[in-house]
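>>> Just a sequence and a predicted model for now, questions to come.
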Amino acid sequence: MNTLLSATYFGPIQWYQKLNRSELCYIEQHDNFIKQTYRNRCVIATTQGTQALTVPIERYDGLKCEMRDIRISDHGAWRHLHWNALVSAYGESPFFEFYADDLRPFFEKRWQFLYDYDLAITEKMCELLDIHPTLRRTEEYIKLPDSTAADSAEAVVISSDGIAGNLMQWADYREIIRPKHPLPDADFQPKPYYQVYKQKFGFLPNLSILDLLFNEGNEAVLFL
C-alpha cells in the first residue's frame, strides 16, 4: 500500500503506524497550511493531563500558504519551552535518557522552514523506531479523483513527480489524521502500552510518537 500524508511535528502514533505499514509514503508539501493541526503541533502526557506543544510560525501574506513555504518563528523561546516540557513530562519514563541525546538537537538547531523541520524529525524518529519506509516529497499537490472514480478498477493516479498507480493501491490520510474532529480510520485501533501517568488518567490513546518511544523504547514498533 502507498500512502499520502501531511507533514507532522512529532506526529501521533496513528501517523507513524501508516509509515510502518506502507511501502511508499509521500509527505505532502503543497497542501495549504492549516492551524491547530499536527503540522506544527504534538500532544504529550503530563502530570496535569494532555498538553499540546505548538511550533510558532511567521505570518504570511494572503489567506493561504503552501506548507513548504511556512517559516518557523523564533518568538517566545519555544524550543527551550518544548524541551523543558518533555523533560518535565518524561524525565522519569523508562527510556527518556536513552533517547535524549538523539532528540535534543531538534530543540537547539534552527530550521527555517516548518516542512523541512518536520521531515528531519520524521527521518530521525524512523531511525529510532527502526522502521524503514520509503519517504518522498510531493512535487505538486496530489489531487485524487473523487470517490466515484475510485470505485473503478481502471482509475489511475498520475502526477508530474512520477506517481502512477491504481487507486486501490493508494491511501490518503492527509485530512483524516488530525487532533480535532479526526475522520474514521478503520485500520487504526490504539494498542494500550505502559504510560507514566496511566494510573492517574487511564490509558491516553494516540499521543505523540514521543510518548510511545519514551515509555516502550525499542519495543515501540510492536504497537504500530
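Perfect, I can see it now.
>>> buried residues in the lengthiest helix in the chain?
Scanning the chain for the longest helix, with DSSP state H as the assignment, gives helix 114-129. Using 16 or more other C-beta atoms under 10 Å as the test for burial, helix 114-129 gives 114, 115, 117, 118, 119, 121, 122, 124, 125, 126, 128, 129. (Each C-beta comes from the backbone N, C-alpha and C, glycine too.)
>>> Throw the residues you listed into TSV and include pLDDT, thanks.
Converted to TSV, these look like this (pLDDT from 0 to 100):
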residue	pLDDT
114	98
115	98
117	98
118	98
119	98
121	98
122	98
124	98
125	98
126	98
128	98
129	98
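>>> Distance to residue 1 added to these, as TSV?
Formatted as TSV, the buried residues of helix 114-129 follow (distance: C-beta to C-beta, whole Å):
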residue	distance to residue 1
114	27
115	24
117	27
118	22
119	21
121	23
122	18
124	24
125	20
126	17
128	23
129	19
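>>> Any stretches of the chain with poor pLDDT?
Within the chain, the segments meeting pLDDT under 70 span 145-168.
>>> The same query, at a cut-off of 80, please.
1, 144-169 (pLDDT under 80).
>>> Going by residue numbers, what spans are strands in the protein?
Here the chain has its strands, by DSSP state E, at 2-6, 24-28, 41-46, 49-54, 134-137, 156-158, 164-166, 170-172.
>>> Summarise which helices and strands the fourth one is packed against.
Using 3 or more C-beta pairs under 8 Å, 6 or more residues apart in numbering; DSSP states H and E as the contact criterion, the neighbours of strand 49-54 among helices and strands are strand 41-46, helix 78-90.
>>> got it, and the first one?
In this structure, strand 2-6 makes packing contacts with helix 13-21, strand 24-28, strand 170-172, judged by 3+ C-beta pairs under 8 Å, 6+ apart.
>>> let's see it at 6 Å
strand 24-28, strand 170-172 (3 or more C-beta pairs under 6 Å, 6 or more residues apart in numbering; DSSP states H and E).
>>> Just name the most buried of those.
Ranked by mean neighbour count, these are led by strand 24-28 with a mean of 21 (mean count of other C-beta atoms under 10 Å).
>>> Show me what that one pairs with in its sheet, parallel or antiparallel.
Partners of strand 24-28 in the sheet, by DSSP bridges, are strand 2-6 (parallel), strand 134-137 (parallel).
>>> Residues in contact with it: which ones?
Contact with strand 24-28 is made by 2-7, 19, 133-136, 138, 174, as judged by C-beta atoms under 6 Å, 6 or more residues apart in numbering.
>>> CSV please, covering these and showing neighbour count.
Listed next are the contacts of strand 24-28 as CSV, based on neighbours: other C-beta atoms under 10 Å:
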residue, neighbour count
2, 18
3, 20
4, 23
5, 26
6, 24
7, 28
19, 23
133, 19
134, 11
135, 16
136, 14
138, 21
174, 19
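>>> any idea which of these is closest to residue 97?
Using C-beta to C-beta, residue 19 comes nearest to residue 97 of the contacts of strand 24-28, at 25.2 Å.
>>> check contacts around the closest residue to that closest one other than its chain neighbours.
Distances taken as C-beta to C-beta, 6 or more residues apart in numbering place residue 133 nearest to residue 19, at 4.5 Å, with adjacent residues excluded. Taking C-beta under 6 Å, 6+ apart, we find residue 133 in contact with 19, 22, 25.
>>> Good, wrapping up.
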